[in-house]
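> Provided below for reference: sequence and predicted model.
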Amino acid sequence: MAWALSPLAVLGGAGPPRVPVARIPFQSYGSAQGLENLSLWCLDQDSDGFLWVGTEDGLYRYDGQRFQVLRRSSGLPDDWVRALCASRGRRLWIGTARGLALRDPGGMRALGPDQGVPQAEVFALAPDPQGLLWVATERGLFRQRPGALAFEPAPGWVPGQPARCIAMAGKATYVGTGTRLLRYEAGNRGPVEVAGPWKERLDAVLQDREGRLWVRSRAGLWMRPVEGAPFQDLSRRVGTAAYDGSLTLTATGALLIPTVDDLVRVRGEAWEYLGQVQGLPTPYVNRALEDREGCLWVGGLGLHRALSRETWGQYTYQNGIAGGVVWSITRDREGRLWAGTSNGLCETRNGQWSLVPGTAKQAFLALAVAPDGALWMGGAPARLRRWVPGTSRWQEWARPTSTIISMAFDEQGTLWVVTRREGLFRVVKSGGSFAVEPFVLPGAVQGERVIALSQGQGGRLWLASSNGILVLERGAWRRLGKAQGLLDPDVRAVFERPGGDIWVSYHERQGLSQFRREGDQLRLVQHHDAASGITARKAYFMREDTLGRLWVGTSQGCVLFDGARFQEFGTMDGLPGDECNGSAFLAEPGGDVWVGTLGGLARFHQGRYAGSPPPPASFILSASFGSTVLSFPFTGTVGIPKRDATVEFQFTGLTYLNEARVLNQIRLVGMEDAWRTTNIREVRYQNLAPGTYRFEVRAGLSEGKWGPTAAFPFRVLPAWYQTWWFRCLAGAGLAGLTYLAVRLRLKALNDRNRELERVVETRTLALARANESLQQLTVTDPLTGLKNRRFLDLTLEEDLASARRDHRSTPGEAPLTLKGNVDMVFLMVDLDHFKDVNDTYGHAAGDKVLQQVRDRLHEVARTSDTVVRWGGEEFLVVARRMDRSQGATLAARILESMRSRPFDLGSGLHITKTCSVGFCPYPLVPVRAGDVPWTSVVDVADRCLYAAKQSGRDAWVGLGGQCASAEAVEDFLKAPGDAEGLGLRASVQGTEALRWT
């Protein structure tokens, strides 16, 4: 028997042929998803939407990605879970082989004699209308006390008498014990037996929405239509139960009855059967559940879910489709379905798919029904055929000789045929015969490919080609290309909707263009791409169903557009294959459609379609920091110690329709404001600073449509040295030290003033003597005309003293405050590989290079700066009245001046040279400006120059900071790699990579 409301239902009546039974696609779950035990005993869904599975080896929760197991180590009385009952307040009651347990926001707890229930096997759980739980155990029937987590024996129940099943029916409660069915009425002190024809142990009892009472044993089924009527024996309509009898009522009012052969579903008077023939992947069914999204879950040999709420049914080689690839589909005048496959032509006959004799090992890529009812077909091998239903007459034509990929009739009844390599043909009827003629399209270009035909409005015929689209109207073809509005002339498919809009897909350009025709032009209404919900790169067809919705067959599934949003369907939604075929679409009355794919044929069942699903709700499953792991649900704001400030979250967007389509967006408020999209369901934030944060996550099935936000607020606590009291103590200590430093500084200034007076007197006498000596000394380099070292020795002190004075504190200023442009910067410049110039071109050429170096240094230096020939190819630039942070800028200008243009050696010879620069500011120790002489500053600059040359040349290295003491300068000269606090800078990537030796 067929699953009556499956996606391919049997067509009633004596007219049209019966439609074959489809297979319902299922998703199976097992160890790969974390479900380690496949002996299932119960299924339930809690108020948040999590699926719970009770097995012989633990309780599993499915979050849309993984199953998490709970066992005795988690607080269960036993690993064998027999019954589940989700109730209000996020409570989950769990019946095991050794007693009852409760999981709520407070955690898991086992209940026992202290709460009034025995540590015995629990068979059934059920809440009454007041929300109080009834518990059926092997040692009796128990009822929860109002307002307490405590239980008491049910009124009038025989102590020790086992209770097997429970059902709530309005104000009555039905309980099965052995072969007896008992009934409690509100206000009665004891149960009353309900007579029935059964003589075996009762395993399940249930009242459906129509008021019918159902009773199930392992081998029997009875139903009482109304109260007071006798029970009807329906045992012959169902098979034996696999373990024990089970009954489940769905949210839509259907009754689910698992059996050893199949799953039976009763809707009103309709009985439906789902077995292995209909796609059930398990040989028997033990439990079944329909979740709140309408997904059917089946437990038997493993756990299985019907895809896409049974919206799609499949036809593959398993149920009669030859080959596997379905290239084309149509329905003839008699209602018979025809499917062109990769291995022959199939037709529906006697409710089955049958291969048409003589068509095996041939591919039928195109089918069309003529106005006279004849069926035309073509494919590979390239033979155009015609068959008249009800006869054995087949006609074949030798032309075309290339594979036929599409065909359609125009308003005049002419058949147009598209081939893969020979272009377009038309079939013209002349008298009683047909002529197949090639047709040259207007404006055709060399190498143009024609792709696919589609019928439009008003008898128009549309053709997609590699050189635009063409439309046949009033007997003439007209071409529309890029000049008429197409975004790309290389078109894959075109379709005109009844409203007049023209939809176009391209070979290379992603997405669909929606045009409106205005005369001979196409006006772009909208281009739909990934941002709209079309993620596939290729669209092979666009067609409309009888409800006015647009269907798009793509390389990644089928897409339904209802005018507002796109909904994608793939193999995880029920299609037998992801890639659709261009000629394989058929719309049926009532909204059903047929779609051919590379994996087989699928039928969309409108009666099972519930519309586009809403965005799923998000849940934060766990938060981990340090050795602490917090699990959902959470309450309040969590405080996290600074030492554990690396936090990891796991989360999910909870939907079971297609778990793989779920996208998540996350952000950590307090660190970031923008949402980040991810398909990974965990995130880690490392070493968070103290402060208040809120982790947020939301989920969606497509970009731009997101569900409600789940949040986890927390606070990273400061370390002891980051607390307010420590900062107050540190501030007070710093203020005291500052006061002491000021006093010491003032004393030092007074002492230094007295010393300066003495020095001035001594220096005046020394200057007089020096002037006499200066006249005898030469201070100019004869080659370059630049000043030499002696010049600096004699004249630099005044500039040095000025720099030192500017670094003193003055009244009204904070002590030791640096002003702008009060430093001196010494830049040591060395020409790279200068020896090669002398060795290759001679010393005269080398002298010319040195003279040009002088000129370029003067170009980049200011008039207040001094350029000195230091020796050989080394030059020293003394920059006055400069901020120490600008040393790098001047160094970079020097490098650029050398490398930017070649040096002229004369006689038409030019060479390119680079230089290296090391620099250091003076005073290097501003707080004690005189402690480090300028010669030591030059030594530091020289060491930086050496590092620049050792690190690749054509580079600068220098200091831009302040040194704390003269000892630190000495340390740097001894170990220049340790420059912390000196503001070491370099033009090379990463100062830590500098080579100092």
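Happy to help now that I have it.

> Tell me the predicted confidence for Ser6.
If you check Ser6, the pLDDT there is 30.

> my guess is Arg98 contacts Ala120, does it?
Yes: in this structure, Arg98 is within contact of Ala120 by C-beta atoms under 8 Å, at 7.2 Å. No exception for glycine: its C-beta is placed from N, CA and C like everyone else's.

> Leu560: how many residues sit nearby?
Neighbour count of Leu560, defined by other C-beta atoms under 10 Å: 19.

> The closest residue to it other than its chain neighbours and Gly611: what is the separation?
The shortest distance from Leu560 to any non-neighbouring residue, by C-beta to C-beta, 6 or more residues apart in numbering, is to Gln567 (4.8 Å). Between Gln567 and Gly611 the computed distance is 8 Å (C-beta to C-beta, to the nearest Å).

> Leu463 falls within a strand, correct?
Yes: counting by DSSP: H, G, I helix; E, B strand; the rest coil, Leu463 is part of a strand.

> In space, what's closest to the residue nearest in space to the middle of the chain - neighbours in sequence excluded?
The centre of the chain sits closest to Asn679, judged by C-alpha atoms, centre = their mean, with a distance of 2.5 Å. Take Asn679 and drop its neighbours on the chain: the residue closest to it by C-beta to C-beta, 6+ apart is Leu663, 5.9 Å away.

> Thr628 pairs with what?
Beta-bridge pairing for Thr628 (DSSP bridges): Phe625.

> May I have the predicted confidence score for it?
For Thr628, the pLDDT comes out at 90.

> Make sure it is actually in contact with Thr646.
No: proximity of Thr628 to Thr646 does not meet the contact threshold set by C-beta under 8 Å, at 11.6 Å.

> all helices of the chain, in order?
Assigned by DSSP state H, the helices in the chain fall at 724-774, 789-806, 834-841, 843-860, 887-899, 934-950, 966-974.

> so of the ones you listed, which one's packed in deepest?
Comparing the helices of the chain by mean neighbour count (mean count of other C-beta atoms under 10 Å), helix 934-950 ranks first with a mean of 22.

> Report the angle between that helix and helix 789-806.
110 degrees (axes from the mean of the first three to the mean of the last three C-alpha atoms, to 10 degrees).

> what helices or strands is helix 934-950 leaning on?
Here helix 934-950 touches strand 823-831, strand 915-922, strand 956-959, helix 966-974, going by 3 or more C-beta pairs under 8 Å, 6 or more residues apart in numbering; DSSP states H and E.

> Take stretch 158-172, keep the C-alpha atoms, and write them as PDB.
Output of stretch 158-172 as PDB, limited to C-alpha atoms (Å, rounded to 0.1, in the frame of the first residue of the first chain):
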ATOM      1  CA  VAL A 158      -3.400  -1.600  44.300                       C
ATOM      2  CA  PRO A 159       0.000  -1.400  45.900                       C
ATOM      3  CA  GLY A 160       2.700  -3.100  43.800                       C
ATOM      4  CA  GLN A 161       0.400  -3.600  40.800                       C
ATOM      5  CA  PRO A 162       2.400  -2.600  37.600                       C
ATOM      6  CA  ALA A 163       1.100   0.200  35.400                       C
ATOM      7  CA  ARG A 164       2.100   0.000  31.700                       C
ATOM      8  CA  CYS A 165       0.600   3.000  29.900                       C
ATOM      9  CA  ILE A 166      -1.200   6.200  30.500                       C
ATOM     10  CA  ALA A 167      -3.400   8.500  28.400                       C
ATOM     11  CA  MET A 168      -5.100  11.800  29.200                       C
ATOM     12  CA  ALA A 169      -8.600  12.200  27.700                       C
ATOM     13  CA  GLY A 170     -10.200  15.400  28.800                       C
ATOM     14  CA  LYS A 171     -11.100  15.000  32.400                       C
ATOM     15  CA  ALA A 172     -10.400  11.300  32.300                       C
END
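
> any residues touching it, and which ones?
Here stretch 158-172 makes contact (C-beta atoms under 8 Å, 6 or more residues apart in numbering) with 123-129, 134, 136-141, 153-154, 157, 173-178, 183-186, 201-207, 213.

> List the contacts of the residue nearest to Ser505 when sequence neighbours are not counted.
Among residues not flanking Ser505 along the chain, Ala539 sits closest, at 3.6 Å (C-beta to C-beta, 6+ apart). Contact partners of Ala539, counting by C-beta under 8 Å, 6+ apart, are Arg492, Ala493, Ser505, Leu512, Val552, Gly553, Thr554, Ser555, Val559.

> For Ala539, list each beta-bridge partner.
In this entry, Ala539 is beta-bridged to Thr554, by DSSP bridges.

> 53 is where my numbering starts, stick with that
Got it, the first residue is 53 from now on, which makes the last one we talked about Ala591.

> Please report the distance of it from Leu513.
Going from Ala591 to Leu513 by C-beta to C-beta gives 20 Å.

> For stretch 304-319, give me every contacting residue.
With C-beta under 8 Å, 6+ apart as the criterion, stretch 304-319 contacts 55, 57, 258, 260-262, 266, 268, 273, 289-294, 298-302, 323-328, 332, 336-342, 346, 350-352.

> circling back: would you check that the residue nearest to Leu612 makes contact with Gly585?
Yes: Gln619 is within contact range of Gly585, at 7.5 Å (criterion: C-beta under 8 Å).

> what residues do those two have in common as contacts?
Any residue near both Gln619 and Gly585 by C-beta under 8 Å, 6+ apart counts here, and that gives Val611.

> Could you find the closest non-adjacent residue to Val267?
Sequence neighbours aside, Trp274 is the residue nearest to Val267 in space, at 4.6 Å (criterion: C-beta to C-beta, 6+ apart).

> Over to Arg261?
Nearest one to Arg261, counting by C-beta to C-beta, 6+ apart, is Gly305 at 4.3 Å.

> coming back round to it: now mean pLDDT and distance to Trp379 too, for the helices of the chain, in CSV please.
CSV is the format used below for these (pLDDT from 0 to 100; distance: least, C-beta to C-beta, whole Å):
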stretch, mean pLDDT, distance to Trp379
helix 776-826, 80, 76
helix 841-858, 85, 88
helix 886-893, 92, 74
helix 895-912, 94, 75
helix 939-951, 94, 67
helix 986-1002, 92, 71
helix 1018-1026, 79, 79
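
> Redo the ones you listed as CSV? Include distance to Met876.
Output for these, formatted as CSV (distance: least, C-beta to C-beta, whole Å):
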stretch, distance to Met876
helix 776-826, 20
helix 841-858, 5
helix 886-893, 27
helix 895-912, 17
helix 939-951, 10
helix 986-1002, 8
helix 1018-1026, 15
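
> Those: which one's closest to Thr455?
Nearest to Thr455 among the helices of the chain is helix 939-951; the distance by C-beta to C-beta comes to 64.2 Å.

> Look up how far Leu957 lies from Asp899.
Applying C-beta to C-beta, the value for Asp899 to Leu957 is 10 Å.

> for Val811, same thing?
50 Å.

> For Ala460, list each beta-bridge partner.
Note on Ala460: beta-bridge partners by DSSP bridges are Trp468.

> Ser126 against Met160, yeah?
Yes: between Ser126 and Met160 a contact is recorded at 5.5 Å, counting by C-beta under 8 Å.

> show me where pLDDT drops low in the stretch 203-352 of the chain?
Applying pLDDT under 70 to the stretch 203-352 of the chain picks out residues 239-240.

> Not counting residues beside it along the chain, what's closest to Val408?
Here the residue nearest Val408, using C-beta to C-beta, 6+ apart, is Leu397, at 4.4 Å.

> Now the residue nearest to Arg261: phi and psi?
Backbone torsions for Gly305, taken as degrees, to the nearest 10, come to phi 90, psi 10.
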